[in-house]
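Colleague: when you get a sec, could you give me coordinates for this:
(chains A, B, C and D)
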2 protein chains.
Amino acid sequence: MKRFDKASVTIKDVAKRAGVAHSTVSLVMNDREHVSPKLRERILKISNEMGYMPNMVARSLISKRSSTVGVVFPENPHFFTITYFLMMIEGIQNACKKYDRALMFFSLDQTKGESYYQISRKWLIDVMVIMNVDYTRDISKDIEDLRKNGIAFSIVTKYVGKEKVNAVCVDNFEGVRLALEYLAERGHKRVGYISGHPNSSDGPERLQAFKALSKKMGFDQDRDLIVQGDFTFESGEREAPKLLGLKKRPTAIFAASDYMAIGAMRAMKAQGISIPKDIALIGFDNTLEAAYVEPALTTIRQPLQEMGEKAVDLAVRSMNDENFEPQLAVLKPELIIRQSC
Amino acid sequence: MKRFDKASVTIKDVAKRAGVAHSTVSLVMNDREHVSPKLRERILKISNEMGYMPNMVARSLISKRSSTVGVVFPENPHFFTITYFLMMIEGIQNACKKYDRALMFFSLDQTKGESYYQISRKWLIDVMVIMNVDYTRDISKDIEDLRKNGIAFSIVTKYVGKEKVNAVCVDNFEGVRLALEYLAERGHKRVGYISGHPNSSDGPERLQAFKALSKKMGFDQDRDLIVQGDFTFESGEREAPKLLGLKKRPTAIFAASDYMAIGAMRAMKAQGISIPKDIALIGFDNTLEAAYVEPALTTIRQPLQEMGEKAVDLAVRSMNDENFEPQLAVLKPELIIRQSC
DNA sequence: TGGCTTTATCGAAACGTTTCATAGGTTAAC
DNA sequence: GTTAACCTATGAAACGTTTCGATAAAGCCA
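Modeller: Next comes the predicted model:
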């Protein structure tokens, strides 16, 4: 087993060369007061000459804070190719740069009984972003553990439990409103809806918004205009035919996620139905793929990058400030008009 | 500033409860010999009861190895939404699981003069994967630093310098062969080529393969059948019209990346050219988007996941075994037939 | 100049591990 | 019954930092 043999230059080396105590060098490195400007400058110069770099691991150990952002995601072999998450990760990475923190990823292996808190302890993660995709699992216990132990974290998306925690989500009501108003403008009054995962926070919220708004706007209210998906491509492909097969076919379909919309698109193509001529299609999310499909998908943009960034912002703030009240950041969606309506 | 106040259970706590020296507990935790089975069992039981988790940071500090895989990528605000990299990251993540290592990401800010070696020192990264996308930068010095200091690393993709290092790439010659033979089968003899970035390793390799094979296979050899892209969507959209505008238009276009192929597709659509009726199109990579465009893109698959995984494998092996000879792993490409030819 | 306050620097302790030389105990060999 | 060999368990040292109380020096005021 290889080892680093040639020790790199440590704070003590710098101190020795400068003829001071290494604690003094530490003060300089951390920009703390109580060091005379003259000495500070000299130490800085020497440390640069020697190419000193603080050892983050030692720093973490003593300070019990790791200068990282830990992103915890559920066990899923394809997590990194689900563009929905990636766009959030892009925002998280940007925030990491902003706060000069490194980015760590942990897949949560529930089978091993690992908890968020354990991960935080094991790696001294002090800022954690929880990607809560496994809607079927109750994480209230884990949340409680984190909170109790003063570990700063945020959840994406909205946490449905009762504790008040940092969380980031999109304004689903507004998103649905944008979509339905756009459809109404274009003359649609009979809109089929493919709902999202019932155990998520977004799924039911969007569904509820759809029900309320479509009623208010005078759309057809048949019970069978609503089918149940789970956000995935497959569920869209599976459920869309139920809408297409209705005696009185809807003139537009609104899917609660782009993946489902694209699945629906596949199903429609298979039946030779032309979009948007025969039927209009609108999605939700604005994931990467939406721009690539043909016709390009009109959709409601979730500001995923901003959500990722905000999640880190909130967690960092609650780490820095004892009194920071955990909050839910609700970001504004946006209508992206392409060719599918 | 918040701190973890309630200390979590340490190895000493376990030792005290078990009435043994904490070094003994350490032996047990690391599955080392020289502990009687009876005692080992007792300690294991107690440690479980107490919920002991080793502190990875302390472990890193003393052992100078961090139990992580550090992925270093060049400064690029959209890195995490470039699916090409993501698919590799997926493989890297799988390997991390296999080796029970956490995954860390570092964007290399060259403007700050950071080097790979410095990152490795700063965070005690002992297994590093270098995503060498910035083709314009000479990294031979960094490579040398890593090697000299015994830090295990791999590069994706192929490293073009003279030192022998762990690297992972696709068999470009074979990939080009697959594409050209497929085109030949379908009767094409006049193929336009959009080349990749000239400072990469893949760009020139594929170009050379194209030149050699298209000659050998009796394709038209006009100089202007080859245009220069840089792997990006934009370059494909920019360069394709040059091929389309030729007096004698090619019957097929081969782009050295899917992004360029999709860019070319956009350009063709803009001109009302139908794919594959008017002209065939084939890409390279099989990134996520290839399956979503219309018509779905026929392409040469790079086994990106496998490449990511292999990169970690190589690095881990060279870490574990002093005598492991750095090697270049050349993975096999695969023809993915869709609708664009 | 003496005493008091402030500031600059120092030294030691701590963080939670691993490692390594060594002590004590048991067994084996003669 | 003595010595050697082995095995188990121990205690101290080390990793590279930060922190904090102590000390020394300097500044201030009377």
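Colleague: are we agreed that residue A:269 is in a helix?
Modeller: Yes: Residue A:269 sits within a helix when classified using DSSP: H, G, I helix; E, B strand; the rest coil.
Colleague: tell me the buried residues in stretch A:152-164?
Modeller: Using 16 or more other C-beta atoms under 10 Å in any protein chain shown as the test for burial, stretch A:152-164 gives A:152, A:153, A:154, A:155, A:156, A:157, A:158, A:159, A:160. Placement of C-beta: from N, CA and C, glycine included.
Colleague: which residues are in contact with the worst-scoring helix or strand of chain A on mean pLDDT?
Modeller: Within chain A, confidence by mean pLDDT, DSSP states H and E is lowest for helix A:140-148 among all helices and strands, at a mean of 88. If you take C-beta atoms under 8 Å, 6 or more residues apart in numbering or on different chains as the criterion, helix A:140-148 is touched by A:115, A:116, A:117, A:120, A:128, A:153, A:155, A:159, A:161, A:162, A:163, A:165.
Colleague: tell me the gap between that helix and the middle of its chain.
Modeller: 19 Å (C-alpha atoms, centre = their mean, to the nearest Å).
Colleague: quick one: residue A:248 and residue A:190 touch, right?
Modeller: Yes: between residue A:248 and residue A:190 there is a contact at 7.1 Å, judged by C-beta atoms under 8 Å.
Colleague: looking at these two, which has the bigger crowd around it?
Modeller: residue A:190 (17 against 10; other C-beta atoms under 10 Å in any protein chain shown).
Colleague: so what's the more buried one up against?
Modeller: A:219, A:220, A:225, A:248, A:250, A:251, A:252.
Colleague: now the fourth one: how far from residue A:170?
Modeller: Residue A:248 is 32 Å from residue A:170, where distance means C-beta to C-beta, to the nearest Å.
Colleague: what helix or strand is residue A:227 on?
Modeller: Element membership of residue A:227, judged by DSSP states H and E, is strand A:226-228.
Colleague: any idea of the mean pLDDT for that strand?
Modeller: The average pLDDT for strand A:226-228 rounds to 98.
Colleague: give me the sheet partners of it and which way each runs.
Modeller: strand A:191-195 (parallel) (DSSP bridges).
Colleague: contacts for the strand it pairs with, please.
Modeller: A:180, A:183, A:203, A:206-207, A:210, A:214, A:219-220, A:225-229, A:235-236, A:239-240, A:243, A:246, A:250-256, A:260-261, A:264.
Colleague: distance from the chain centre to it, please.
Modeller: That offset, for strand A:191-195, works out to 25 Å (C-alpha atoms, centre = their mean).
Colleague: likewise for stretch A:83-96?
Modeller: Distance of stretch A:83-96 from its chain centroid, counting by C-alpha atoms, centre = their mean, is 7 Å.
Colleague: so for it, what's the average pLDDT?
Modeller: 94.
Colleague: check stretch A:203-218 too.
Modeller: For stretch A:203-218, mean pLDDT is 96.
Colleague: can I get stretch A:156-164 in CSV, CA atoms only?
Modeller: Below are the C-alpha coordinates for stretch A:156-164, written out as CSV (Å, rounded to 0.1, in the frame of the first residue of the first chain):
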residue,chain,number,x,y,z
VAL,A,156,-35.0,19.8,-2.1
THR,A,157,-37.8,19.8,-2.7
LYS,A,158,-40.3,20.7,-0.1
TYR,A,159,-40.4,18.7,3.1
VAL,A,160,-43.9,17.5,3.9
GLY,A,161,-43.4,16.8,7.6
LYS,A,162,-44.4,19.1,10.3
GLU,A,163,-41.0,20.3,11.5
LYS,A,164,-39.8,23.6,10.2
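Colleague: check whether it comes near chain B.
Modeller: No: Stretch A:156-164 is not in contact with chain B by C-beta under 8 Å from any C-beta of the partner chain; minimum separation 14.6 Å.
Colleague: what is the mean pLDDT for that stretch?
Modeller: pLDDT averaged over stretch A:156-164 gives 79.
Colleague: contacts for it next, please.
Modeller: For stretch A:156-164, contacts defined as C-beta under 8 Å, 6+ apart pick out A:88, A:129-132, A:138-140, A:143-144, A:147, A:165, A:167-170, A:200-202, A:205, A:307-308, A:311, A:325-328.
Colleague: make it 6 Å
Modeller: Identification of contacts with stretch A:156-164 by C-beta atoms under 6 Å, 6 or more residues apart in numbering or on different chains yields A:131, A:140, A:143, A:165, A:167, A:168, A:169, A:201, A:307, A:311, A:326.
Colleague: now do the contacts for the last one.
Modeller: Going by C-beta under 6 Å, 6+ apart, residue A:326 touches A:164, A:165, A:166.
Colleague: what do you get for the fifth one?
Modeller: Contact analysis of residue A:167 by C-beta under 6 Å, 6+ apart lists A:155, A:158, A:159, A:328.
Colleague: out of those residues, who's nearest DNA strand C?
Modeller: residue A:155 (26.9 Å; C-beta to the nearest atom of the strand).
Colleague: chain A: helices as residue ranges?
Modeller: Using DSSP state H, the helices of chain A run over A:11-18, A:22-29, A:37-50, A:56-63, A:83-99, A:116-123, A:140-148, A:172-185, A:202-216, A:233-244, A:258-270, A:304-320.
Colleague: follow-up on the earlier one: out of the contacts of residue A:190, who's the most crowded?
Modeller: For the contacts of residue A:190, neighbours tallied by other C-beta under 10 Å; top is residue A:252, 26 neighbours.
Colleague: ok, it - contacts?
Modeller: Contacts of residue A:252 by C-beta under 6 Å, 6+ apart are A:183, A:188, A:191, A:280.
Colleague: those: which two are farthest apart?
Modeller: A:191 and A:280 (8.6 Å; C-beta to C-beta).
Colleague: of the two, who's got more company?
Modeller: Neighbour count, other C-beta under 10 Å: between residue A:191 and residue A:280, residue A:191 has more, with 24 against 21.
Colleague: give me the pLDDT for that one.
Modeller: For residue A:191, the predicted pLDDT is 97.
Colleague: with adjacent residues omitted, what lies nearest to it?
Modeller: residue A:252 (4.8 Å; C-beta to C-beta, 6 or more residues apart in numbering or on different chains).
Colleague: for residue A:337, same thing?
Modeller: In this structure, residue A:337 finds its nearest non-sequential neighbour in residue A:298, 5.4 Å apart by C-beta to C-beta, 6+ apart.
Colleague: residue A:282 is in contact with that neighbour, correct?
Modeller: Yes: the pair residue A:298 and residue A:282 passes the contact test of C-beta atoms under 6 Å, sitting 5.1 Å apart.
Colleague: of these two, who's got more company?
Modeller: residue A:282 (29 against 25).
Colleague: pull up the per-residue confidence for that one.
Modeller: The model reports residue A:282 with a pLDDT of 98.
Colleague: correct me if wrong: it contacts residue A:297.
Modeller: No: with contact defined as C-beta under 6 Å, residue A:282 does not reach residue A:297; the gap is 7.6 Å.
Colleague: nearest to DNA strand C: which residue in the stretch 151-300 of chain A?
Modeller: Residue nearest to DNA strand C within the stretch 151-300 of chain A: residue A:151 (14.5 Å; C-beta to the nearest atom of the strand).
Colleague: from residue A:137, how far out is the nearest residue to that residue once chain neighbours are set aside?
Modeller: Of all residues beyond its chain neighbours, the one nearest residue A:151 is residue A:120 (4.9 Å), with distances taken as C-beta to C-beta, 6+ apart. Applying C-beta to C-beta, the value for residue A:120 to residue A:137 is 18 Å.
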